[in-house]
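Chemist: give me a model of this one.
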Amino acid sequence: MYLRVVLAIFLLSTMALAEGSLPYPKDGTTIYVVRPGDTLWNVSGRFFDNPLFWPRLWDLNQQIDNPSRIYPGDVLSLKIQPPADMPVVKVEPKSKKISFKDIEPPPPVYYYSPGGSEGFISTHRWKHLGTILTSEPSKILLGTGDIVFVNVGSEQQVKVGERFTVFRTSKHVDHPITGNRVGYKVSIQGVIEIIEVLDKRKSTAVIVESFREITRGARIRGYEPFVKEVVEKKAVERADGFIIETKTAMQLSGRGDVVYMDLGENHSVVPGNTMSIYTLPRKAYDPDAGKQVTIPGILIGKIVVLDVDEENSTGIITESSKQIQIGNIVSLDI
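Modeler: Numbers count the residues shown, from 1 in each chain. Predicted coordinates:
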């Protein structure tokens, strides 16, 4: 009797695969919550021991419009509950000769959350429409859900429900190598939404998103949706530059930290480009030659570009073998 049950289970499993359905996922898991960095390719490899099952996984999850865009928090079904019809796929014997090397996975997507909080270097001071005057109740540090008063109103044609970006512009940023002024660091602090227009130059608003502490005096300007994901891509031409500033103004940075580079649109940089980080070349004395020689910089990390201005770009460090610092060399990957 036991042998018959085992044989029956084996035959049912074989029939399921023949009908084009997914094998039963490992550990008996039937749903999976997407984490940062996940793709259908690696989820299929993790639960079905074969990343080539990703088209079937996509077909099983009809809520996914684009297989290259799944987001942390998305829930994936790993097995049909209850069973549903799946397309029949006839597999010829010669198909077993297909090599994994011949099949390209979906393009890698880098997800950064919350999008917009990375800030950027602007070559000029960011123009503002108004200012946060105070809050109710009056507080020094403000965050999501707090009620604030801003000095914009019907005179600026502000409407209830309209959103604005909250930001601050820091003092100017100087180039760490040349000493020339490169611009101003803009810190995006959050988003507010107008809930009542009081008069010509006064409105009540609520903070709907806060990326960091917001204080009275913070500036506001028209809301701009910020990119939360970029698809990695190679650059079209080589360009070399430097890390000129960091988001936190710390001298030393590592994986996950946001940095700013002096390479931008004018250097053919686009979001999704990757950059290699190198130490500065240094001099060493060669006693045999009797002179100083140059020791080239070494590769110490990688950056994914999130946002681009004309002359500068914002990126996040994705790899670091040692501490990254302002003044390190960056080179576009081609």
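
Chemist: can you give me the distance of Ser154 to Pro137?
Modeler: Between Ser154 and Pro137 the computed distance is 26 Å (CB to CB, to the nearest Å). Using the backbone N, CA and C atoms, a C-beta is placed for each residue, glycine as well.

Chemist: between these two, who's got more neighbours?
Modeler: Between Ser154 and Pro137, counting by other CB atoms under 10 Å, Ser154 is the more crowded of the two (14 against 7).

Chemist: how close does Gly217 get to Gly119?
Modeler: Counting by CB to CB, the gap from Gly217 to Gly119 is 17 Å.

Chemist: so where do the helices sit in this structure?
Modeler: When assigned using DSSP state H, the helices of the chain occupy the ranges 2-18, 40-48, 54-60.

Chemist: packing partners of the second one?
Modeler: Yep, that's helix 40-48 we're talking about. In terms of contact count using 3 or more CB pairs under 8 Å, 6 or more residues apart in numbering; DSSP states H and E, helix 40-48 is assigned the packing partners helix 54-60.

Chemist: quick check: mean pLDDT of the helix it packs on?
Modeler: Predicted confidence along helix 54-60 averages 85 (mean pLDDT).

Chemist: centre of the chain to that helix, how far?
Modeler: 24 Å (CA atoms, centre = their mean, to the nearest Å).

Chemist: give the buried residues for it.
Modeler: When neighbours are counted by 16 or more other CB atoms under 10 Å, the buried residues of helix 54-60 are found to be 54, 56-58, 60.

Chemist: and if you look at stretch 274-291?
Modeler: Within stretch 274-291, the residues that count as buried by 16+ other CB under 10 Å are 274-279.

Chemist: pLDDT (mean, whole number) over stretch 134-143?
Modeler: The average pLDDT within stretch 134-143 is 93.

Chemist: who touches it?
Modeler: Residues outside stretch 134-143 that contact it (CB atoms under 8 Å, 6 or more residues apart in numbering) are 132, 146-149, 190, 204, 207, 210, 213-216.

Chemist: low pLDDT regions in the stretch 201-334 of the chain?
Modeler: The model of the stretch 201-334 of the chain has pLDDT under 70 over residues 226-228.

Chemist: any idea how this structure splits into domains?
Modeler: 2-105, 120-222, 232-332 (automatic domain parsing).

Chemist: now, which of the buried residues of stretch 274-291 lie within strands?
Modeler: Judged by DSSP state E, these include 274-278 as members of strands.

Chemist: could you redo the residues you listed as JSON lines and give each row distance to Leu76?
Modeler: Written out in JSON lines, the entries for those read as follows (distance: CB to CB, whole Å):
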{"residue": "Thr274", "distance to Leu76": "27"}
{"residue": "Met275", "distance to Leu76": "32"}
{"residue": "Ser276", "distance to Leu76": "34"}
{"residue": "Ile277", "distance to Leu76": "34"}
{"residue": "Tyr278", "distance to Leu76": "39"}
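
Chemist: what sits against the closest residue to Phe164 other than its chain neighbours?
Modeler: The shortest distance from Phe164 to any residue that is not its chain neighbour, by CB to CB, 6 or more residues apart in numbering, is 4.2 Å, and that residue is Ile220. Under the criterion of CB under 8 Å, 6+ apart, the contact partners of Ile220 comprise 128-132, 150, 152, 164-167, 192.

Chemist: show me which of these is closest to Gln323.
Modeler: Distances from those to Gln323 were compared by CB to CB; the smallest belongs to Phe167, at 28.7 Å.

Chemist: state the distance from the closest one to Ile298.
Modeler: Separation of Phe167 from Ile298 (CB to CB) stands at 37 Å.

Chemist: the more surrounded of the two?
Modeler: In terms of neighbours (other CB under 10 Å), Phe167 is the more surrounded of Phe167 and Ile298; the figures are 19 against 11.

Chemist: contacting residues around that one?
Modeler: Shown in contact with Phe167 (CB under 8 Å, 6+ apart): 126, 128, 186-189, 218-221.

Chemist: which among these count as buried?
Modeler: By 16+ other CB under 10 Å, those give 128, 186-189, 218-220 as buried.

Chemist: want to throw these into TSV with distance to Asn266?
Modeler: Putting the buried ones among the contacts of Phe167 into TSV (distance: CB to CB, whole Å) gives the following:
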residue	distance to Asn266
His128	26
Val186	19
Ser187	24
Ile188	23
Gln189	28
Ala218	30
Arg219	27
Ile220	29
